[in-house]
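Asks: For reference, the sequence and a predicted model appear below.
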Amino acid sequence: MSKLLNDQSENAPALKIYLNTGNLEDLPEDSLLGGLSEDARWNRLAEDGFDGIQFNHSNPVPEGFRFPYCGSDRVNTPEEADAIFRQHKELGDDALTLHVGWGMEDDDAVDQLVEAVLLASDKYHLPAYIETHRATITQDIWRTVKLTERFPEVRFNGDFSHYYCGLEMVYGDFEKKLAFMEPIFSRTGFMHGRIASSGCMQVPIDDAKSRPRLVLGDNDYLEHFRMLWTAAMRGFLGIAGKGDYLVFAPELLRADINYARVFPNQDGILVEESDRYEQAMLYMQVARDCFESAKKHLLLKISMC
């Protein structure tokens with residue numbers, strides 16, 4: 001089966017922007033989506049240009065839901081994989097992103113987990129993307145690159161905030177690390193949008209061009225994420241064919257799980273530092289810019305051959 005999402009068209013490989021439903025959880029009332037009913041929210045997402053939704057599936061898919069959608073889950077042991085894929089196939093998901101293992105497995109245990117995911121993906125004809133995430137088998141770039149040598153057919157959901165912050169990628173030669181990650185980029189079929197700094201997992205941007213002026217630190221984390229996202233999109237375009245598409249899904253998470261940062265306002269009440277939905281729309285712009293840059297790079301590469 002194809003390892004990439006495909007719309008059965010003759011169209012050139014494309015980018016589609018989904019929104020992970022975690023981005024909608026516990027939005028403050030002053031958010032652009034604050035106080036809206038569920039139906040009004042879905043309508044607003046369509047108006048704002050989102051192409052689909054990624055559910056966490058804590059709740060059933062709403063009846064008559066009109067967006068394309070995919071799912072997410074966790075595989076802790078090889079024995080769990082088949083049932084998890086069966087469930088998501090029955091839910092009608094177009095694809096599945098997965099946290100796999102806990103990061104304490106040796107190579108033999110990692111291989112058994114990956115084999116189980118690949119077998120279930122083929123069995124249920126459901127594209128699956130192992131997420132680059134802390135506390136999983138892909139928690140560092142060295143181990144993940146080595147995984148691609150044993151399983152060239154593996155495909156990833158690139159959430160590079162976990163590497164940028166968790167591995168402090170700016171400590172050392174950042175561009176050398178990007179080059180080392182090429183086997184990961186060239187197997188990216190799905191992306192989670194979250195921007196980190198070298199010390200915080202989820203930080204804001206001012207607009208599609210800059211980070212907030214008051215942020216301390218020498219490293220321009222937005223520019224670094226442009227580089228990461230563009231590299232992954234070039235990797236996708238390098239393996240994609242007609243009708244294939246890459247999902248980019250902003251996933252800006254709530255404060256009580258220590259993602260959205262909160263600070264006291266003038267009344268001493270803790271509030272989120274930014275509107276996560278507004279930030280997701282900015283991410284949409286950045287992702288589309290990166291995809292255009294990736295396409296231009298590919299065309300230049302072809303013209304030079």
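Replies: Thanks, I have the structure now.

Asks: switch to C-alpha atoms for all contacts and neighbour counts from now on
Replies: Noted.

Asks: all strands in the stretch 1-150 of the chain, in order from the N-terminus.
Replies: Assigned by DSSP state E, counting those that start in this stretch, the strands in the stretch 1-150 of the chain fall at 5-6, 14-20, 52-54, 69-75, 96-100, 128-131.

Asks: what angle sits between the second one and strand 69-75?
Replies: Here strand 14-20 runs at 70 degrees with respect to strand 69-75, directions being taken by axes from the mean of the first three to the mean of the last three C-alpha atoms, to 10 degrees.

Asks: Can you give the contact residues for strand 14-20?
Replies: With contact meaning C-alpha atoms under 8 Å, 6 or more residues apart in numbering, strand 14-20 is reached by 49-56, 243-251, 280, 284, 288, 291.

Asks: that older thread, highest mean neighbour count across the strands of the stretch 1-150 of the chain, which stretch is it?
Replies: Greatest average neighbour count among the strands of the stretch 1-150 of the chain goes to strand 128-131 (a mean of 28), per mean count of other C-alpha atoms under 10 Å.

Asks: Just the CA atoms of that one, as PDB, please.
Replies: Extracted in PDB, the C-alpha atoms of strand 128-131 (Å, rounded to 0.1, in the frame of the first residue of the first chain):
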ATOM      1  CA  ALA A 128       0.600   5.400   9.800                       C
ATOM      2  CA  TYR A 129       3.100   7.900  10.900                       C
ATOM      3  CA  ILE A 130       5.300   7.300  14.000                       C
ATOM      4  CA  GLU A 131       5.700  10.600  15.700                       C
END
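
Asks: tell me, what residue is most central in the chain?
Replies: What sits nearest the mean C-alpha location of the chain, by C-alpha atoms, centre = their mean, is His192, with 1.2 Å.

Asks: Could you look up the SS state of that residue?
Replies: Following DSSP: H, G, I helix; E, B strand; the rest coil, the label given to His192 is strand.

Asks: Could you measure from it over to Ala232?
Replies: Distance of His192 to Ala232, given as C-alpha to C-alpha, to the nearest Å: 11 Å.

Asks: Asn157 now?
Replies: Per C-alpha to C-alpha, Asn157 is found 10 Å from Ala232.

Asks: list the residues that contact both of those two?
Replies: Common contacts of Asn157 and Ala232 (C-alpha under 8 Å, 6+ apart): Thr188.

Asks: List the buried residues for stretch 195-203?
Replies: Judged by neighbour count using 16 or more other C-alpha atoms under 10 Å, the buried positions of stretch 195-203 are Ile195, Ala196, Ser197, Ser198, Cys200, Met201, Gln202, Val203.

Asks: Of those residues, which is the nearest to His133?
Replies: Nearest to His133 among those is Met201, at 11.5 Å by C-alpha to C-alpha.

Asks: Quick one: residues contacting that closest one.
Replies: Ser161, His162, Cys165, Gly166, Arg194, Ile195, Tyr259.

Asks: No further queries at this time; thank you.
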